[in-house]
Structures are given as C-alpha cells and as structure tokens.
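>>> kindly generate the corresponding structure for this input.
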Amino acid sequence: MKKSSQYEMMFRKNNDTGRVIIDVALNDYIEFFNEWDNAVFKKRDIHSELVEFFDICSEDIPLSKKLEIDFSINTVDVSEEKEEQIRVSYRNYYSSLKRLEKRKTKRLLRMSIILLFISIVLLTSYGLFMDVELTSIASRVLLESLLIGGWVFAWEAVHTLFIDIFEPFQRSRELQRFLEADISFIYLCK
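Here you go, the predicted model:
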C-alpha cells in the first residue's frame with residue numbers, strides 16, 4: 001500500500017485548505033503541558049507524550065503536506081487566554097528545536113571544512129615529499145601515512161558534507177512544517 005493512501009486513511013483532510021488534520025483530545029488545557037514542569041503556566045513545556053505523538057504523526061504524513069492541529073477539549077470553561085498560551089508554548093517549543101537543528105547543521109559544515117583543510121594539508125605534504133629519496137622504512141611509512149591520512153580526512157569531509165547533514169536538513173523541514181501548522185480548538189462540552 002502506498003504511503004499517500006496510508007496517511008489518507010489515518011488522518012482527516014481540511015477540504016477548504018487542503019491541510020492534513022492531526023486530532024488531539026484533551027480533558028483540559030493543562031494536559032497540553034508537561035506535568036513535571038513547575039514553571040509559570042505561560043512558559044511550560046509541551047507534554048512529552050504529546051510531542052512523541054506529533055512526531056509519529058509527522059512520520060506518516062509526507063513532508064509536502066501542510067498540517068492543521070485540532071485540539072478537542074472536554075471542558076465548558078472556554079478561555080481564549082489559555083488557547084493563546086498553548087499556541088505560544090507550541091511555537092516556542094518548535095522554534096527552539098529548529099534553532100538546535102540549525103546549530104547542528106552549522107557544526108557539521110564547520111567540521112567538514114576543517115576535515116577538508118586537514119586533508120589538503122596532508123595531501124599537499126605528500127605531494128611535496130613524494131620525489132624525495134627515502135632510505136629508512138620509518139620515513140616511507142610516514143610518507144604513506146600522509147597519503148592515507150589525506151584520503152581518509154577527504155572522505156570524512158565528503159561524508160559529513162553530503163551524508164551526515166541530510167538528517168538535520170530533514171528534521172528542520174519537519175520542524176518548519178510544525179511551525180507553519182494551523183492550530184484550532186474544538187470544545188466538546190459547550
């Protein structure tokens with residue numbers, strides 16, 4: 001079965017916007033927040049199980065699809081202030097994760113440049129000493145070490161730049177999709 005048909009069976013679609021809807025049922029506003037976080041209500045973290053649920057849903061939905069998150073709250077006390085606090089907390093959480101992924105990407109780029117520089121130095125050194133007449137086995141081993149080390153560092157730079165960096169880019173796209181998600185509230189007990 002195709003991935004597109006799997007997610008279409010699991011999630012609703014907003015016919016007006018074309019966004020895929022992730023439904024979340026809460027008994028009260030407080031269930032959105034992490035119960036172990038004793039910070040002021042406005043600055044609390046998202047509940048870890050809710051974050052895990054969002055990540056699992058995101059894996060099932062293609063990255064090309066935009067999201068809408070519908071919180072169904074089982075309460076008669078409608079509070080626009082608490083709705084806004086949830087929106088702010090949600091945005092802060094995913095913004096901070098996106099900043100962390102951006103730092104990780106920059107760190108990988110920096111590491112790749114350093115590895116490439118070391119590789120160039122080693123290979124250049126090998127090129128300079130390649131024509132020198134070497135008599136001892138230690139000097140030959142050292143010369144070959146320059147060549148091997150240069151290629152190893154070059155490979156590691158390429159690997160970091162083109163393979164390792166893919167995961168943070170992918171995660172950044174997921175986090176951006178969460179940041180662009182529409183958030184709405186549905187009240188079950190009015």
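
>>> let me see the contact set for the most centrally placed residue in the chain.
Centroid-nearest residue in the chain, with Cα atoms, centre = their mean: residue 171, separated by 2.6 Å. Contacts for residue 171 (Cβ atoms under 8 Å, 6 or more residues apart in numbering) come out as residue 101. No exception for glycine: its C-beta is placed from N, CA and C like everyone else's.

>>> distance of it from residue 184?
According to Cβ to Cβ, to the nearest Å, residue 171 and residue 184 sit 25 Å apart.

>>> need the contact list for the closest residue to residue 125 other than its chain neighbours.
With sequence-adjacent residues excluded and distances taken as Cβ to Cβ, 6 or more residues apart in numbering, residue 125 is closest to residue 146, at 5.1 Å. When contacts are counted by Cβ under 8 Å, 6+ apart, residue 146 touches 122, 123, 125, 126, 129.

>>> elements contacting the longest helix belonging to the chain?
If you go by DSSP state H, the chain has its longest helix at helix 80-129. With contacts taken as 3 or more Cβ pairs under 8 Å, 6 or more residues apart in numbering; DSSP states H and E, helix 80-129 sits against helix 137-159, helix 166-179, strand 182-187.

>>> most packed of the ones you listed?
Greatest average neighbour count among the helices and strands packed on helix 80-129 goes to helix 166-179 (a mean of 16), per mean count of other Cβ atoms under 10 Å.

>>> now do it, average pLDDT.
Helix 166-179 comes out with an average pLDDT of 93.

>>> where does the residue located most distally from the centre of the chain land in three-state SS?
What lies farthest from the middle of the chain is residue 135; by Cα atoms, centre = their mean that is 53.8 Å. Put simply, residue 135 is coil when judged by DSSP: H, G, I helix; E, B strand; the rest coil.
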